[in-house]
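**Q** let me see the structure of the following:
(2 chains)
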2 protein chains.
Amino acid sequence: MIIIGELINATRKSIAQAIEKKDREYIKKIAQRQIANGADYVDLNAGTGKGQETEISDMEWLVDIVNELGDVPVCMDSSDPSVIKSCLGRIKSSDRMINSINGENSRIEKLLPVIKENNTCKVVGLTMDDAGIPNNVEKRVEITSKIASLLEGVGVKREDIFIDALVQPISVDMKNGNIFMESIIAIKTKFPGIKTTCGLSNVSFGLPNRKLLNKYFIALSISAGLDSAITDPNDEGIREAVCLAETLTGKDEYCMDYIKMCRECANKTSV
Amino acid sequence: MIIIGELINATRKSIAQAIEKKDREYIKKIAQRQIANGADYVDLNAGTGKGQETEISDMEWLVDIVNELGDVPVCMDSSDPSVIKSCLGRIKSSDRMINSINGENSRIEKLLPVIKENNTCKVVGLTMDDAGIPNNVEKRVEITSKIASLLEGVGVKREDIFIDALVQPISVDMKNGNIFMESIIAIKTKFPGIKTTCGLSNVSFGLPNRKLLNKYFIALSISAGLDSAITDPNDEGIREAVCLAETLTGKDEYCMDYIKMCRECANKTSV
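**A** Now for the predicted structure:
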């Protein structure tokens, strides 16, 4: 399971404040803790809504902090293709992810040339287009086909494409969990080698005890074939669910990761 | 989700002792608590290994206790077809389950005539035969086909057939969870209308913290299409997992069961 640590995102108040105050230590700690808890990529989002120039300089500032921690894979997350274009080269690690393209024509037009110049990057592709987020599996597969063929056309490898089939709240439509999981199964079947990811917490929007729903949902989604998630690696419930789902679906040789997790929990309890 | 409460089973020491001492109140309490916690059927197994006559009289004794509780659906669980034949008619409820037939020729020969005479019963069918438990999906589907055609041949309705695709420990082979879940998917696809069940705790045999594995495994299996489980309805983890899996796979209208569960937990915590 490839975990993209979601916490350094300027839509979160504490991060917006840290960016505003240029609090390097705060950002650094958040990055370090995510890495210590198993994040494979650190997502960086500097979008405070103060315009392109500010976002570029804030993103550069974030990238520089993460660069200080060593060869840390970064997922560069911006709604503005210019921010990605300006800041991508600044990342120290050669393992970089672009978050994200989708099926919208204007976005493709602006971002595809940037991806072409950086086609060894991983790319997150969202299954939405100019008509919005489709409420069925077929259309999500269709958008995946469009995104995959565009990305492969500019030299991105199939296995570097991460399709986010967009989890929507089950409080809005009780079928939303199924639509997502069936999309994952269909996408993995029709595009062998492609990866899938998601920002899973949306599933529980509007419901009580969201963390409980989120952890079971990531387990069910892993069983459906989910390869990656943009999530909070510090959340023990998520870590438990990832470990359990991998162990129960034959991805944990001799159940060693599970046994290790049980030991760590036992040590924690006995201290 | 159809829950078959597994606790009244003479292979458990406390039950064997209660049967030995003819402790009606103990058995009654176990039955009542399972029903209160949502068991749809109460499994009764009187096999103490003391021979057919003893098992028949003990099973009659168990049935009589459950009959006192009202119209309680019973799952009659015996390895001896004669016990089932002798005791089935004694159950007060017309909702009865036979546990179990399988693909072994000697068992079919003895049990099929009993099922023919009682073909309004639900029947559990295990995917094993004279060659043992197959270690692949294809052979489990093949045995399902044999069992389903024999049962339908003596008048059992398709929807009354509960196929148990036999969970085996992931500690023995890490693919055992996948083999089970893929069998469920294949069986549900090839025999529309048929139901699936399992005794799930076998998955965690030989590993620490078994309840944690069991609860995630039931959630993943429900997502794969599991209709029923032979399990401990008093286990809060199992109840949580069943509720969460049903809510996340679109079986809980307006998420009402989930919200109710959260409220009950909150009340419990605040008391």
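
**Q** what about the helices in chain A?
**A** A:13-21, A:24-36, A:52-67, A:81-87, A:105-117, A:137-153, A:176-190, A:210-224, A:236-248, A:256-270 (DSSP state H).

**Q** can I get those in TSV with distance to chain B and mean neighbour count?
**A** Glycine gets a C-beta too; all of them are placed from N, C-alpha and C. Formatted as TSV, these follow (distance: least, CB to the nearest CB, whole Å; neighbours: other CB atoms under 10 Å in any protein chain shown):
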stretch	distance to chain B	mean neighbour count
helix A:13-21	26	15
helix A:24-36	23	16
helix A:52-67	33	19
helix A:81-87	33	21
helix A:105-117	30	15
helix A:137-153	13	19
helix A:176-190	4	20
helix A:210-224	4	24
helix A:236-248	4	22
helix A:256-270	5	13
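
**Q** how about the ones you listed in JSON lines, adding mean pLDDT and distance to B:Asp232?
**A** Below are the helices of chain A laid out as JSON lines (pLDDT from 0 to 100; distance: least, CB to CB, whole Å):
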{"stretch": "helix A:13-21", "mean pLDDT": "97", "distance to B:Asp232": "43"}
{"stretch": "helix A:24-36", "mean pLDDT": "98", "distance to B:Asp232": "37"}
{"stretch": "helix A:52-67", "mean pLDDT": "97", "distance to B:Asp232": "48"}
{"stretch": "helix A:81-87", "mean pLDDT": "96", "distance to B:Asp232": "52"}
{"stretch": "helix A:105-117", "mean pLDDT": "97", "distance to B:Asp232": "52"}
{"stretch": "helix A:137-153", "mean pLDDT": "98", "distance to B:Asp232": "36"}
{"stretch": "helix A:176-190", "mean pLDDT": "98", "distance to B:Asp232": "26"}
{"stretch": "helix A:210-224", "mean pLDDT": "98", "distance to B:Asp232": "19"}
{"stretch": "helix A:236-248", "mean pLDDT": "97", "distance to B:Asp232": "19"}
{"stretch": "helix A:256-270", "mean pLDDT": "88", "distance to B:Asp232": "21"}
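
**Q** and B:Lys85, which of these is closest to it?
**A** Among those, helix A:236-248 comes nearest to B:Lys85, with 38.4 Å by CB to CB.

**Q** and the angle from that closest one to helix A:256-270?
**A** Using axes from the mean of the first three to the mean of the last three CA atoms, to 10 degrees, the direction of helix A:236-248 lies 140 degrees away from that of helix A:256-270.

**Q** not counting helix A:236-248 itself, show me its contacts.
**A** Helix A:236-248 has contacts (CB atoms under 8 Å, 6 or more residues apart in numbering or on different chains) with A:1, A:3, A:37-38, A:211-212, A:214-216, A:218-220, A:222-223, A:229, A:231-233, A:252, A:255, A:257-258, A:261, B:170, B:174, B:177, B:203, B:212-213, B:216-217, B:220.

**Q** okay, the angle between it and helix B:176-190?
**A** Using the same axes, to 10 degrees: helix A:236-248 against helix B:176-190 is 80 degrees.

**Q** ok now helix A:236-248, how far from the chain's centre?
**A** Averaging C-alpha positions (CA atoms, centre = their mean, to the nearest Å) puts helix A:236-248 17 Å from its chain's average.

**Q** and what of stretch A:119-137?
**A** Stretch A:119-137 sits 13 Å away from the centroid of its parent chain (CA atoms, centre = their mean).

**Q** and that stretch, which residues are buried?
**A** A:119, A:121-129, A:133-134, A:137 (16 or more other CB atoms under 10 Å in any protein chain shown).

**Q** and which of those residues is nearest to chain B?
**A** A:Val137 (13.1 Å; CB to the nearest CB).

**Q** quick one: that closest one from A:Ala39, how far?
**A** Distance, A:Val137 to A:Ala39, using CB to CB, to the nearest Å: 30 Å.

**Q** with A:Ser78 instead?
**A** For A:Ser78 relative to A:Ala39 (CB to CB), the value is 19 Å.

**Q** same check, this time on A:Lys122
**A** Taken as CB to CB, the span from A:Lys122 to A:Ala39 is 14 Å.

**Q** okay, domains of chain A per the record?
**A** A:2-235, A:236-271 (automatic domain parsing).

**Q** ends of the longest one, how far apart?
**A** Using CA to CA, to the nearest Å, the gap from the first to the last residue of domain A:2-235 comes to 15 Å.

**Q** likewise for stretch A:220-235?
**A** 17 Å.

**Q** same question for stretch A:245-254.
**A** Stretch A:245-254 end-to-end distance (CA to CA) = 14 Å.

**Q** what's the pLDDT at A:Trp271?
**A** If you look again at residue A:271, you'll see it is Val, not Trp. On pLDDT, A:Val271 comes in at 55.

**Q** so what's the residue nearest the centre of chain A bridging to?
**A** The centroid of chain A falls nearest to A:Ile230 when counting by CA atoms, centre = their mean (2.9 Å). Beta bridges link A:Ile230 to A:Ile4 when assigned by DSSP bridges.
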